[in-house]
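Novice: need coordinates for the below:
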Amino acid sequence: MIASNPLDYQVCEGCESIVGAGTVVCPNCHGYRFDNDPIRVVDQALILGSREKRSVTLEDLVEG
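Specialist: Reported below is the predicted structural model:
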């Protein structure tokens, strides 16, 4: 989805997360510098999509 709509996203320069184009402060690292170049967005999406998951999800936080 990101790779097919790169203009809707940007890459955080602090943590390299992909966030929405309208994001002002990264929700992950609180950075405020972003790269909105569509080529960079697609490249980062491919990198993130091919590596092992590292994000914390809601399921990780809920005690079971």
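
Novice: mind listing the strands for the protein?
Specialist: With DSSP state E as the criterion, the chain has strands at 9-12, 18-20, 34-35.

Novice: any stretches of the protein with poor pLDDT?
Specialist: 54-56, 63-64 (pLDDT under 70).

Novice: out of the strands of the chain, flag the one nearest residue 26.
Specialist: Ranking the strands of the chain by proximity to residue 26 (CB to CB) places strand 9-12 first, at 4.2 Å. In this view, the C-beta of every residue, glycine as well, is placed from N, C-alpha and C.

Novice: CA atoms of the closest one as CSV?
Specialist: What follows is strand 9-12, C-alpha atoms only, in CSV (Å, rounded to 0.1, in the frame of the first residue of the first chain):
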residue,chain,number,x,y,z
TYR,A,9,3.7,9.2,3.3
GLN,A,10,7.1,10.4,4.5
VAL,A,11,10.1,8.9,6.3
CYS,A,12,11.1,10.1,9.7
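
Novice: ok, that strand: who's next to it in the sheet?
Specialist: According to DSSP bridges, strand 9-12 has the following sheet partners: strand 18-20 (antiparallel), strand 34-35 (antiparallel).

Novice: pull the distance from it to the chain's centre.
Specialist: On the basis of CA atoms, centre = their mean, to the nearest Å, strand 9-12 is displaced by 6 Å from the centre of the chain it belongs to.

Novice: name the residues that touch it?
Specialist: With contacts defined as CB atoms under 8 Å, 6 or more residues apart in numbering, strand 9-12 is touched by 2, 17-21, 23, 26, 28-29, 31, 33-36, 40-41, 44-45.

Novice: and it, what's buried?
Specialist: For strand 9-12, burial by neighbour count (16 or more other CB atoms under 10 Å) applies to 9-12.

Novice: repeat for stretch 4-23
Specialist: Buried residues in stretch 4-23, counted by 16+ other CB under 10 Å: 6, 9-12, 16-19, 23.
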